[in-house]
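Undergrad: whatever this is, show me its structure:
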Amino acid sequence: MPKAIFVDTSRCTACRGCQVACKEWHGFGAVPTRQRGSHQNPPDLTHFNYKLVRFNEHKTDGKIQWLFFPDQCRHCTAPPCKDVADGFVKDAIIVDQPTGIVFYTETTKQLTIDQCKDITEACPYNIPRRDTDSGKLTKCDMCIDRVQANMQPSCVKTCCTGTMNFGERAAMLELAKTRLAEVKKKHPAAMLVDPESVSVIFLITEPKKMYHKYVERETETGPLTRKALFAKLARPFGSITG
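TA: The predicted structure follows:
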C-alpha cells in the first residue's frame, strides 16, 4: 500500500531534530554557513540536505509570530520530475510501486546540467538539487531503505512533538483531515497543502503566502505542469514505444 508522511506544522517547534536525523541516516556532513540574520540554517536545500526547517518571522497585531516549515520532497502521486526525466534517461527517476516513494537513482549522473535544470524547474516545490562533483540529482528518498525494512523514515522516528507522522497514505489523509478540523478552531485559515496529489501532506496554520515561496503547487494548467507535458511529447519516438 502507498505510504505517506503527514506534517502537522502547528506542532513544530523548529528543534530541527528531523533535519539532523536525515543527515545522520544518509551519512551527510555539515554545511559551512554564516549568520544571515535568520535562525534558518543552512539557507536552502542542498544535494546533502534533503530536509530543511524553514523559518518565517512575521509581526501580527504587534506580536512576533514564528512559522516553521520542515521542507522536503512531497513524493507526488504523479511526479512531474519523472515525466521530464523519462524523456532524457530511462529509469533516472523511479516510483517504487509498493510504497509510492519517488527516488532518484545513480543513473541521474547521466543527465546533463541543462537536463537537470529542466527537471528541477518541472518540480512545483523546487526540490531537486544537483551534486556538482558527482553530477547526481538528489532529493529526499523518504528513507526507502528503512521503509522497506518496516521502519519509519528517520525524520519521523526522531520527531518528539507529533509534527511528523508516517503510515499508509489513506490513514495519513484521515489523520490530516481530523487534525485540520481541530486546528481550525484556533487557526481559521489552516489548510492542508495539495493533499490529493502528494504523499508528504502538510498542515499549515496561516495563509500560504506567509510561508516559503514553493509551499503549494500551481494549478494543473500552470506552466510547470505544461512543461512536464511538453517533455513527454518531445521524447524520442523509441522511448515512447519502447
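Undergrad: residues in contact with the residue nearest to residue 205 when sequence neighbours are not counted?
TA: Nearest residue to residue 205 in three dimensions, chain neighbours excluded: residue 187, at 3.9 Å (Cβ to Cβ, 6 or more residues apart in numbering). Every C-beta, even on glycine, is put in place using the N, C-alpha and C of the backbone. Shown in contact with residue 187 (Cβ atoms under 8 Å, 6 or more residues apart in numbering): 10, 205-206.
Undergrad: in what helix or strand does residue 187 lie?
TA: Applying DSSP states H and E as the criterion places residue 187 outside every helix and strand.
Undergrad: hmm, back to that, just the buried members of the contacts of residue 187?
TA: 10, 205-206 (16 or more other Cβ atoms under 10 Å).
Undergrad: any chance of those residues in JSON lines, plus pLDDT and secondary structure?
TA: Converted to JSON lines, the buried ones among the contacts of residue 187 look like this (pLDDT from 0 to 100; DSSP: H, G, I helix; E, B strand; the rest coil):
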{"residue": "10", "pLDDT": "98", "secondary structure": "helix"}
{"residue": "205", "pLDDT": "98", "secondary structure": "coil"}
{"residue": "206", "pLDDT": "96", "secondary structure": "coil"}
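Undergrad: I'd assumed residue 140 was in contact with residue 129.
TA: No. The criterion here is Cβ atoms under 8 Å, and residue 129 misses it with residue 140 at 10.5 Å.
Undergrad: contacting residues for residue 115?
TA: Neighbours of residue 115 in contact, by Cβ under 8 Å, 6+ apart: 85, 88-89.
Undergrad: redo that, cut-off 10 Å
TA: 84-85, 87-89, 92, 108, 130, 137, 231 (Cβ atoms under 10 Å, 6 or more residues apart in numbering).
Undergrad: adding pLDDT, write the residues you listed out as a markdown table.
TA: Output for these, formatted as a markdown table (pLDDT from 0 to 100):
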| residue | pLDDT |
| --- | --- |
| 84 | 98 |
| 85 | 98 |
| 87 | 97 |
| 88 | 98 |
| 89 | 97 |
| 92 | 98 |
| 108 | 98 |
| 130 | 98 |
| 137 | 98 |
| 231 | 54 |
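Undergrad: could you check the pLDDT of the residue nearest the centre of the chain?
TA: Residue closest to the average C-alpha location in the chain (Cα atoms, centre = their mean): residue 73, at 1.7 Å. Looking at residue 73, its pLDDT stands at 98.
Undergrad: for it, give me phi and psi.
TA: The phi and psi values for residue 73, taken as degrees, to the nearest 10, are phi -60, psi 140.
Undergrad: from the chain's centre, how far out does stretch 139-152 sit?
TA: 14 Å (Cα atoms, centre = their mean, to the nearest Å).
Undergrad: how about that stretch, which residues are buried there?
TA: Those would be 139-144, 146-147, 152, for stretch 139-152 by 16+ other Cβ under 10 Å.
Undergrad: for this structure, what's the longest helix?
TA: helix 169-183 (DSSP state H).
Undergrad: may I have that helix as CSV, with CA atoms only?
TA: Extracted in CSV, the C-alpha atoms of helix 169-183 (Å, rounded to 0.1, in the frame of the first residue of the first chain):
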residue,chain,number,x,y,z
ARG,A,169,-1.4,7.0,2.8
ALA,A,170,-5.2,6.6,3.4
ALA,A,171,-4.6,6.6,7.1
MET,A,172,-2.4,9.7,6.9
LEU,A,173,-5.1,11.5,4.9
GLU,A,174,-7.7,10.7,7.5
LEU,A,175,-5.3,11.9,10.3
ALA,A,176,-4.6,15.1,8.4
LYS,A,177,-8.4,15.8,8.0
THR,A,178,-9.0,15.1,11.7
ARG,A,179,-6.2,17.4,12.8
LEU,A,180,-7.3,20.1,10.4
ALA,A,181,-10.7,20.2,12.0
GLU,A,182,-9.1,20.6,15.4
VAL,A,183,-6.5,23.2,14.4
